[in-house]
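Participant: what follows is a predicted protein model with its sequence.
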Amino acid sequence: MKEKVVVGMSGGVDSSVAAYLLKEQGYEVIGVTMRIWQDEETAAQEENGGCCGLTAAEDAAQVARTLQIPHYVMNFKREFQEKVVDYFTEAYLKGQTPNPCIACNRYVKWESLLKRSMEIGADYIATGHYARIVKLPNGRYAVGCSKTAAKDQTYALYGLTQYQLAHTLMPAGDYTKEEIRRIAKREGLPVADKPDSQEICFIPDHDYAAFIDKAAAGRVPGRGKYVTKEGVVLGEHRGITHYTIGQRKGLNLAMGHPVFVTQIRPESDEVVIGEAEDVYGDALLCGELNFMGMEDLTEPEEVLAKIRYAHPGERCLIERIGPDRIKCSFRQPVRAITPGQAVVFYKNGYVLGGGTIIRKV
């Protein structure tokens, strides 16, 4: 009897080829498109190649017909609103810079989709992520780095649980993006040349501050002061939701040389401005921990750590300093340690775990 896998089909080329590969491997494949954010303009989604808008289900259905597999649409709007949009909005109000893709992966694409998939008798769920599922000698599951470093998506997957990983397949992790597109063209998949989706699907115009103004109407901090770390007032800013650590552009400060955001203080609505060297730090504190390749951190460990999606990683020592608290001490200073972003720990090409950055120390 064939094992059954539900493939989360976003309407993009990666998940479409993942469905094809799993069918070729002998699985009974069912395509599911998650309806999670469908109130935006169809035109905007078409322009941005969106992964979760109105056109996604249509494109996925076309692919499913080509592959001769069943296709369904499941509504996850409530889960997406609570776990992703609300979290995103609240983080910005706290002066943090959130990563909604990580929350979406953990709580919507896996927790909610896996639950419904198991209810219909599936053995696994699958996605088109560029990552691998590995079972380590210690018996634990982890996300392993993909074949292509340029497209590796392990950073955004560090929050998955052991149960989720045990019931997940990621066939695209064994291919480069170019190979995936070649397979799609060879098999006649209608999305072979479709552009990649944008980073944050529910803000197609990339105006985060305007989105938050609308989502948190009446609670958004207004104008505040630009200050130095010594407290000297430099001018007035537009509101803390417009800024992130390391930002240089859009400050409208006539300082005569480039300056940068080094800290955001939500309690006083202050944005701290500093020099280039002030943006760097050699240690951070993180919480909201999730362990993947190891059960727990009981003694200091040397790892490679990434502090944002595009960060190449830096060697560091991680040590537990309290319940749900890890200190990361880097060998070389890293740029723009940003509260709200994830720090993800790697060893031997797989994810050991990670957490949410609390602050630079």
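Facilitator: Thanks, I have the structure now.

Participant: CA atoms only: put stretch 70-81 into PDB for me.
Facilitator: Extracted as PDB, the C-alpha positions of stretch 70-81 are listed here (Å, rounded to 0.1, in the frame of the first residue of the first chain):
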ATOM      1  CA  PRO A  70      -6.200  15.400  -6.600                       C
ATOM      2  CA  HIS A  71      -6.100  19.000  -5.400                       C
ATOM      3  CA  TYR A  72      -8.000  20.700  -2.600                       C
ATOM      4  CA  VAL A  73      -8.000  24.200  -1.000                       C
ATOM      5  CA  MET A  74      -8.000  24.400   2.800                       C
ATOM      6  CA  ASN A  75      -8.900  27.600   4.700                       C
ATOM      7  CA  PHE A  76      -6.400  28.600   7.400                       C
ATOM      8  CA  LYS A  77      -7.200  32.300   7.500                       C
ATOM      9  CA  ARG A  78      -8.000  32.300  11.300                       C
ATOM     10  CA  GLU A  79      -4.700  30.500  12.200                       C
ATOM     11  CA  PHE A  80      -2.700  32.800   9.900                       C
ATOM     12  CA  GLN A  81      -4.300  35.900  11.400                       C
END
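
Participant: can you start the count at 9 instead of 1 from here on
Facilitator: Renumbered: residue one is now 9, and that last one reads stretch 78-89.

Participant: go through it and flag the buried ones.
Facilitator: 79, 80, 81, 82, 84, 87, 88, 89 (16 or more other Cβ atoms under 10 Å). Glycine gets a C-beta too; all of them are placed from N, C-alpha and C.

Participant: take those and keep only those in helices.
Facilitator: Filtering the buried residues of stretch 78-89 for membership in helices, criterion DSSP state H, returns 87, 88.

Participant: can I get the buried residues of stretch 78-89 in TSV with pLDDT?
Facilitator: Below are the buried residues of stretch 78-89 laid out as TSV (pLDDT from 0 to 100):
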residue	pLDDT
79	97
80	95
81	94
82	93
84	94
87	94
88	95
89	95
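
Participant: identify the farthest-apart pair in the buried residues of stretch 78-89.
Facilitator: 79 and 89 (24.2 Å; Cβ to Cβ).

Participant: what residues does the residue nearest to residue 191 when sequence neighbours are not counted make contact with?
Facilitator: Leaving aside its sequence neighbours, residue 191 sits nearest to residue 25 (Cβ to Cβ, 6 or more residues apart in numbering; 5.2 Å). By Cβ atoms under 8 Å, 6 or more residues apart in numbering, the residues touching residue 25 are 136, 179, 180, 183, 188, 191, 192, 195, 197.

Participant: who wins on neighbours among those residues?
Facilitator: With neighbours taken as other Cβ atoms under 10 Å, the top of these is residue 180, carrying 30 neighbours.

Participant: distance of it from residue 227?
Facilitator: 40 Å (Cβ to Cβ, to the nearest Å).

Participant: next one: residue 76
Facilitator: 50 Å.

Participant: please identify the helix or strand for the residue nearest to residue 191.
Facilitator: Using DSSP states H and E, residue 25 maps to helix 21-32.

Participant: list the buried ones in that helix?
Facilitator: Across helix 21-32, burial judged by 16+ other Cβ under 10 Å covers 21, 22, 23, 24, 25, 26, 27, 28, 29, 30, 31.

Participant: correct me, but residue 334 touches residue 324?
Facilitator: No: judged on Cβ atoms under 8 Å, residue 334 makes no contact with residue 324 at a distance of 10.3 Å.

Participant: number of nearby residues for the residue lying closest to residue 277 once chain neighbours are set aside?
Facilitator: Distances taken as Cβ to Cβ, 6+ apart put residue 232 closest to residue 277, at 3.2 Å, once the chain neighbours are dropped. Residue 232 is flanked by 19 other residues according to other Cβ under 10 Å.

Participant: got phi/psi on residue 232?
Facilitator: Residue 232 adopts backbone torsions of phi -150, psi -170, taken as degrees, to the nearest 10.

Participant: can you give me the pLDDT of residue 204?
Facilitator: Among the per-residue scores, residue 204 holds a pLDDT of 83.

Participant: where does the protein have low pLDDT?
Facilitator: For the chain, residues meeting the criterion pLDDT under 70 lie at 46-62, 206-207.

Participant: pull out the buried residues from the helix ranked longest in the chain.
Facilitator: Counting residues, the longest helix found in the chain (DSSP H) is helix 62-75. Neighbour counts over helix 62-75 (16+ other Cβ under 10 Å) mark 62, 63, 64, 65, 67, 68, 69, 70, 71, 72, 74, 75 as buried.

Participant: separation between the fourth one and residue 85?
Facilitator: For residue 65, the distance to residue 85 (Cβ to Cβ) stands at 13 Å.

Participant: got the angle between the longest helix of the chain and helix 21-32?
Facilitator: Per axes from the mean of the first three to the mean of the last three Cα atoms, to 10 degrees, the angle that helix 62-75 makes with helix 21-32 is 30 degrees.

Participant: show me what helix 62-75 is packed against.
Facilitator: Packing partners of helix 62-75 (3 or more Cβ pairs under 8 Å, 6 or more residues apart in numbering; DSSP states H and E): helix 21-32, strand 36-43, helix 50-56, strand 79-83.
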